[in-house]
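Enquirer: prediction below, plus the sequence it came from.
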Amino acid sequence: MSRPGSRDSLGRGRLKVRVKTGKGRTVSQKQWLERQLNDPYVHEARKLGYRSRAAFKLIEIDDKYHFLKPGGRVIDLGAAPGGWSQVAAQRVKSVEGKGKVIAIDMHGMDEIAGVTIFKMDFLSDEALAALIAALDGEKADCVISDMAAHATGHRQTDHLQIMGLADAAHDFARQVLKPGGTYLAKVLRGGTEAELLKQLKLDFSSVRHVKPMASRDDSAELFVLATGFRG
């Protein structure tokens, strides 16, 4: 498993912020707020205009593996709030008309330059046809997904939910990717050694786990990167 990216230039010289209890906050809320206020990726995302710190996860992965190429066609599944779509639009240069980025999320999101947005469930019967039409009938170069179901706090339940999403996204990718295409999706540690990995290796020439530096050390999340779609 690779660990692309670097934290070296982030957060230098910043004083640690501590949040007091009170004002109706629980201990867990205090801890979450304190982590957000002291997270260098959160501050950098705000400074650069990204909608979420997750943008840096995609930046770090693509900096190493270079699958978001100018002119490329990208589908971003479960895209809200849009951090990954922003990065994809910059990298394929869709703002300049050289590529296409299609974002889909059942909750919808605000407009992003260079991105076509669909408010629908990618698992719906209408989604596949709508996305292919938005790509002018062409196949996609990349399908990317940072989707995660709402956490329940029960580890096994959360694990099954996110793996179910990754499996569904893989099935979707098989239908829309062109030969040689790339699939990138969030999974949880310990969750892709079995059936999903087996299927990915049948469909792609290279499959690897990646954990970018922007992914918190205490998080069980990983990303599975599958390249060289066999078609």
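Expert: Structure's in. What do you need? Residues are numbered from 1 along each chain as shown.
Enquirer: what is the neighbour count of Asp171?
Expert: When neighbours are counted by other Cβ atoms under 10 Å, Asp171 registers 11. For the C-beta atoms, the positions are set from N, CA and C on the backbone; glycine is no exception.
Enquirer: Asp217 too?
Expert: 6.
Enquirer: just Gly181 next, same as before
Expert: Gly181: 26 neighbours (other Cβ under 10 Å).
Enquirer: again, but for Arg46
Expert: Arg46 is flanked by 11 other residues according to other Cβ under 10 Å.
Enquirer: OK, contacts around it?
Expert: Contact analysis of Arg46 by Cβ atoms under 8 Å, 6 or more residues apart in numbering lists nothing.
Enquirer: list the strands paired with the lengthiest strand in the chain, with their directions.
Expert: With secondary structure taken from DSSP state E, the chain has its longest strand at strand 177-188. Applying DSSP bridges to the sheet, strand 177-188 is found paired with strand 140-145 (parallel), strand 221-229 (antiparallel).
Enquirer: closest to Glu96 out of the ones you listed?
Expert: Nearest to Glu96 among the strands paired with strand 177-188 is strand 140-145 (16.5 Å), distances taken as Cβ to Cβ.
Enquirer: C-alpha coordinates for the closest one, PDB please?
Expert: The C-alpha trace of strand 140-145 is given here as PDB (Å, rounded to 0.1, in the frame of the first residue of the first chain):
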ATOM      1  CA  ALA A 140     -15.400   7.600 -19.600                       C
ATOM      2  CA  ASP A 141     -11.700   7.700 -18.900                       C
ATOM      3  CA  CYS A 142     -12.100   7.600 -15.100                       C
ATOM      4  CA  VAL A 143     -14.800   6.800 -12.500                       C
ATOM      5  CA  ILE A 144     -14.000   8.200  -9.100                       C
ATOM      6  CA  SER A 145     -15.900   7.900  -5.800                       C
END
